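**Q** Any chance you can model this:
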Amino acid sequence: MEASGENIPNDREENLERLLELGRALTSDVGLSGILDSILVAARGFTGAKHAGIRIPDDESHPSEFVTSGTPPGDHDPAAPDTGFVRAPIRIEDRPRGSIFIVGKEGGGMFDDDDVWILHLLAEWVAIAIHDDRLLQDVEGKRADLERAALGAEASSEIAFAVGSGTELGKILDLIAQRALELVSAAAVLILLREGSELRIAAHAGDADPEAGSSIPIDGSIPGLALMVRETQHIKDVPSALQTAASQLGIPHAQTALIVPMVFRGTSLGVLTAVDHTGADVDFYDADELALRTFAASAATAVYTARTVEKHRLRDSLSAAEDERKRWARDLHDGPLQGLGAIKLALSGIIWVDPQARRAAIDGARELLDLEIAGLREIIADLRPAALDELGLEPAVRTLAARVGRQGGLDVTLNFDLGDERLPAETENVAYRIMQEALTNVVRHSNAGAVLITADFDGNRLWLRVADDGEELDQDGDGGLGLKGMKERAALAGGEVTAEHTDEGFLVTLELPVAGQASWP
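**A** Numbering: from 1, shown residues only. As a prediction, the model looks like this:
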């Protein structure tokens, strides 16, 4: 029997009141399945049906719904009219989208007009509930897309800031992996960068546990295919698709994966791989794939930029090292080498003089040797002062300042406040080298008469300052080369060197982060 809703009886006050109570109950936040269950229970209660059900076929954007309540129809086949069967159409947005039905009246018999009227009314309520739920799903989906887009933009901005701040490539890759993990709610993320004919794991986050330095060949692998054709590979069966590569990548239990190429200006740098969605479904959605592709483009730009910065750093470091070698060569040539040549000449003429003069010549040669030995010791101390290793930064700088002051005719004053703890060896080495270069620049370029060296340490950061009363350094000339080397050395350690002209002279300031300082031995 098909419920049309026509010829509705008049005497239904009791049922109407019960329906109104049901309507109020359905406004509570119980979800669509809870609402449909309540409607079916009500349908059976109002009509005395043994069985009730709701069937909604799927469409292009929504899955099907099929909910039942009560005793299974059994012999009460809806196709058999003598069992008692009523069905009312469910219309969503003025289109028929399924039905609600009741089967088998308690005590036998057929359903009456009141039953038809109630079922027709309940069908309208089902339509409203499903329509509202779909609207909510659409809103939730759009909100999720907006949140994902915002998260992707925030992650890209954070990575761009890290690149702009000079953060090293390894830390940038770790940041990319972690943000990708959060962006698509993956169980694990790996970044594989191209190295020759291989893809080598450069960073990972989440549950991935690859061996250090692990790599897979480009030829014959799906990640390699993604790299070469520059198209995302959506893998729904990782064990079959990746086989042994899954173990090499540290994801032996993975089920699904998105492998997205990282391309910058037509150059494939590597692939960004997300493994296993952590939601209700382990597979990734189309929205996840789109978000990861967009993020991979930003990540590729960051990787290319960071690599370029590292190349410049290496080139600058090599240039600074070469300048330093030239300086040591010049110091050795102008000092010990010429002195040793003079000693050789003095000794070569000894055999032609009388014994008394010979004795005086030997004594003079010995004095020259003592001077040259002292000079060599100073050069060795400049290369690696023993005080820095044995006593720490403050004693080493005091020794350095005393020697520079003596050689350059400078009045050097030190004001140190580093506390009773040794700093990490790397920090002390960087600080000493920068102080060494700063004092060398004062002697050679500023024509100063006095220098003040100050140091402060707050437990996290170290500040060292060299202030002189000389002329401003020409940062495009030799002094500039020294400043360039200091700035480069500080940047590699995460610090900063600034140089400025003051009313009193010239000031060089080093600010250096310090972590995990060691106690005095």
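**Q** buried sites along stretch 96-109?
**A** Along stretch 96-109, the positions that meet the burial threshold by neighbour count (16 or more other Cβ atoms under 10 Å) are 97, 98, 99, 100, 101, 102, 103, 104, 105. To be clear about C-beta, it is placed using only N, CA and C from the backbone, and glycine gets the same treatment.
**Q** Using CSV, write out every CA atom in that stretch.
**A** These are the backbone C-alpha positions of stretch 96-109, laid out as CSV (Å, rounded to 0.1, in the frame of the first residue of the first chain):
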residue,chain,number,x,y,z
PRO,A,96,11.9,11.5,-4.5
ARG,A,97,14.9,10.1,-2.6
GLY,A,98,13.8,6.9,-1.1
SER,A,99,11.0,5.7,1.2
ILE,A,100,9.9,4.8,4.8
PHE,A,101,7.9,1.6,5.1
ILE,A,102,6.1,-0.5,7.7
VAL,A,103,5.5,-4.3,7.5
GLY,A,104,3.2,-6.7,9.4
LYS,A,105,0.7,-5.2,11.8
GLU,A,106,0.6,-6.7,15.3
GLY,A,107,-2.3,-9.0,15.7
GLY,A,108,-2.8,-9.3,12.0
GLY,A,109,-4.9,-7.2,9.7
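**Q** re the thing from before, please flag which of the buried residues of stretch 96-109 sit within strands.
**A** Using DSSP state E, the members of those that fall in strands are 97, 98, 99, 100, 101, 102, 103, 104, 105.
**Q** the helices in this structure, which residues?
**A** With DSSP state H applied, the chain shows helices at 13-26, 31-47, 113-164, 169-183, 222-229, 238-242, 244-248, 286-332, 338-348, 355-383, 386-390, 393-408, 425-441, 478-492, listed in chain order.
**Q** mind listing what's buried in the fourth one?
**A** By neighbour count with 16+ other Cβ under 10 Å, helix 169-183 contains the buried residues 169, 172, 173, 174, 175, 176, 177, 178, 179, 180, 181, 183.
**Q** Which pLDDT value belongs to the second one?
**A** pLDDT for residue 172: 80.
**Q** heads up, I number from 760, so please use that
**A** Fine by me, first position is 760 from now on; the one you just mentioned is residue 931.
**Q** thought it was touching residue 1062?
**A** Yes. Checked against Cβ atoms under 8 Å, the pair residue 931 and residue 1062 is within contact range at 7.2 Å.
**Q** pLDDT-wise, which helix or strand of the protein ranks last?
**A** Comparing every helix and strand of the chain by mean pLDDT, DSSP states H and E singles out strand 1277-1278 as the least confident one, with a mean of 38.
**Q** returning to what we had before: any idea which of the ones in strands among the buried residues of stretch 855-868 is closest to residue 955?
**A** residue 856 (58.1 Å; Cβ to Cβ).
**Q** which ones are touching the closest one?
**A** Under the criterion of Cβ atoms under 8 Å, 6 or more residues apart in numbering, the neighbours of residue 856 are 815, 816, 818, 849, 850, 886, 889.
**Q** what do you get for residue 799?
**A** Under the criterion of Cβ under 8 Å, 6+ apart, the contact partners of residue 799 comprise 811, 812, 813, 826, 827, 828, 829, 859.
**Q** Just give me the neighbour total for the first one.
**A** Yep, that's residue 811 we're talking about. By the other Cβ atoms under 10 Å criterion, the neighbourhood of residue 811 contains 26 residues.
**Q** ok, of the ones in strands among the buried residues of stretch 855-868, which one's closest to residue 797?
**A** Among those, residue 859 lies closest to residue 797 (Cβ to Cβ), at 12.7 Å.
**Q** quick one: contacts for that closest one?
**A** Applying Cβ under 8 Å, 6+ apart to residue 859 gives the contacts 798-799, 802, 811-813, 846-847, 849, 878, 881-882, 885.
**Q** one more time with 7 Å, if that's ok
**A** If a contact means Cβ atoms under 7 Å, 6 or more residues apart in numbering, then residue 859 has 802, 813, 847, 849, 878, 881, 882, 885 as its contacts.
**Q** Report the beta-bridge partner residues of the second one.
**A** Beta-bridge partners of residue 813, counted by DSSP bridges, are residue 826, residue 859.
**Q** Return the residues in contact with it.
**A** Under the criterion of Cβ under 7 Å, 6+ apart, the contact list for residue 813 reads 795, 799, 824, 826, 859, 885.
**Q** From residue 893, how far out is the fifth one?
**A** Counting by Cβ to Cβ, to the nearest Å, the gap from residue 859 to residue 893 is 17 Å.
**Q** any low-confidence regions in the protein?
**A** Segments of the chain classed as low confidence (criterion: pLDDT under 70) are 760-789, 819-822, 832-842, 897-926, 1068-1146, 1148, 1178-1179, 1231-1240, 1274-1280.
**Q** domains for it, by residue range?
**A** By the assignment in automatic domain parsing, the chain contains the domains 772-898, 925-1070, 1148-1278.
**Q** hey, which of those domains is tucked in deepest?
**A** Of all these, domain 925-1070 carries the top mean neighbour count, a mean of 19, counting by mean count of other Cβ atoms under 10 Å.
**Q** and residue 934, how far is that from residue 1020?
**A** Computed as Cβ to Cβ, the residue 934 to residue 1020 distance reads 20 Å.
**Q** my bad, residue 807
**A** As judged by Cβ to Cβ, residue 807 and residue 1020 stand 64 Å apart.
**Q** next one: residue 1270
**A** Counting by Cβ to Cβ, the gap between residue 1270 and residue 1020 amounts to 40 Å.
**Q** try residue 1007
**A** Plainly put, residue 1007 is 19 Å away from residue 1020 if you go by Cβ to Cβ.
**Q** same question, residue 1051
**A** Residue 1051 sits 11 Å away from residue 1020, taking Cβ to Cβ as the criterion.
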